[in-house]
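Peer 1: sequence first, predicted coordinates after that:
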Amino acid sequence: MRKLTEAEAWIDLGFWLIGSELPDCVIHHLSCDDQGPAEPTPAWLNLCERAPAECMIDLSEPVDVSLKTEVLVLLRKVTKEVNLAVVPMTDRTHWGVEDRWDYPKGSYGDCKDIQLPKRKRLIEAGLPRRALLMAVVIGQNDEGHAVLMVRTTAGDLVLDNKTSAVLPWRLTGYRFVKREGQNGFGWVSLIEPPLPAAHASR
């Protein structure tokens with residue numbers, strides 16, 4: 001597989017802040033303040049029962065990742081490789097249930113099953129689990145979708161199975177609903193500032 005160049009890694013982020021007059025925390029992160037707890041998805045709770053380590057938060061870890069070139073190259077590499085390795089398939093077809101959070105089985109899985117291996121590989125590469133958070137969003141046609149949010153010193157980045165680009169959250173076109181919390185077991189609500197953005201590519 002061709003190695004990504006530094007220029008390719010940074011191109012996803014290049015025009016993100018141009019012309020913005022918004023507060024720094026709104027530009028970079030989904031919210032300036034904690035929006036309060038959100039009810040976890042039942043299928044996520046089931047994942048936690050089957051694999052408790054997936055839901056554990058180590059409070060000694062940093063809450064974000066220092067966004068250096070090598071980190072962005074890693075994010076793009078892992079996203080591209082996992083997206084290519086897993087064939088999208090609905091939970092109903094794959095598992096026989098409406099919603100299940102798990103790792104791919106037989107190279108098949110839906111959005112959650114594709115994001116979880118990305119997080120595993122990033123943790124194995126040395127990134128803090130506390131900064132790698134599953135998030136629920138509303139996408140095209142008002143459909144629910146799951147992405148992996150990477151909280152960095154340069155802002156919240158999104159890893160998706162619908163694109164191999166690593167995008168700042170507000171360029172994804174998604175409406176963000178909630179994400180895993182960083183201060184213990186549970187989820188937090190996300191209230192998105194009303195900013196226009198292009199839809200993520202399929």
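Peer 2: Arrived safely, thanks for sending. Numbering: from 1, shown residues only.

Peer 1: every contact and neighbour count from this point should use C-alpha atoms.
Peer 2: Noted.

Peer 1: where does pLDDT dip in this structure?
Peer 2: Across the chain, the ranges flagged by pLDDT under 70 are 1-35, 191-202.

Peer 1: got the residue ranges for the strands in it?
Peer 2: 37-38, 87-88, 108-109, 132-138, 144-152, 155-159, 167-168, 175-180, 187-189 (DSSP state E).

Peer 1: can you give me the helices for the protein?
Peer 2: 6-11, 24-28, 42-50, 69-85, 91-94, 111-124 (DSSP state H).

Peer 1: residue nearest the centroid of the protein?
Peer 2: residue 148 (1.4 Å; C-alpha atoms, centre = their mean).

Peer 1: what about that one, distance to residue 160?
Peer 2: 7 Å (C-alpha to C-alpha, to the nearest Å).

Peer 1: residues contacting the residue nearest to the centre of the chain?
Peer 2: Contacts for residue 148 (C-alpha atoms under 8 Å, 6 or more residues apart in numbering) come out as 115-116, 119, 132-135, 158-160.

Peer 1: of these, which is the nearest to residue 168?
Peer 2: Checking these against residue 168 with C-alpha to C-alpha, the nearest one is residue 158 at 6.2 Å.

Peer 1: the residue nearest to the centre of the chain pairs with what?
Peer 2: residue 134, residue 159 (DSSP bridges).

Peer 1: state the distance from it to residue 96.
Peer 2: 24 Å.

Peer 1: before we move on, the earlier item: now distance to residue 69 too, for the strands of the chain, in CSV please.
Peer 2: As requested, the strands of the chain are exported to CSV (distance: least, C-alpha to C-alpha, whole Å):
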stretch, distance to residue 69
strand 37-38, 33
strand 87-88, 29
strand 108-109, 30
strand 132-138, 18
strand 144-152, 12
strand 155-159, 14
strand 167-168, 15
strand 175-180, 26
strand 187-189, 29
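
Peer 1: and the contacts of residue 148, which is closest to residue 169?
Peer 2: Closest to residue 169, out of all of the contacts of residue 148 and judged by C-alpha to C-alpha, is residue 158, at 5.7 Å.
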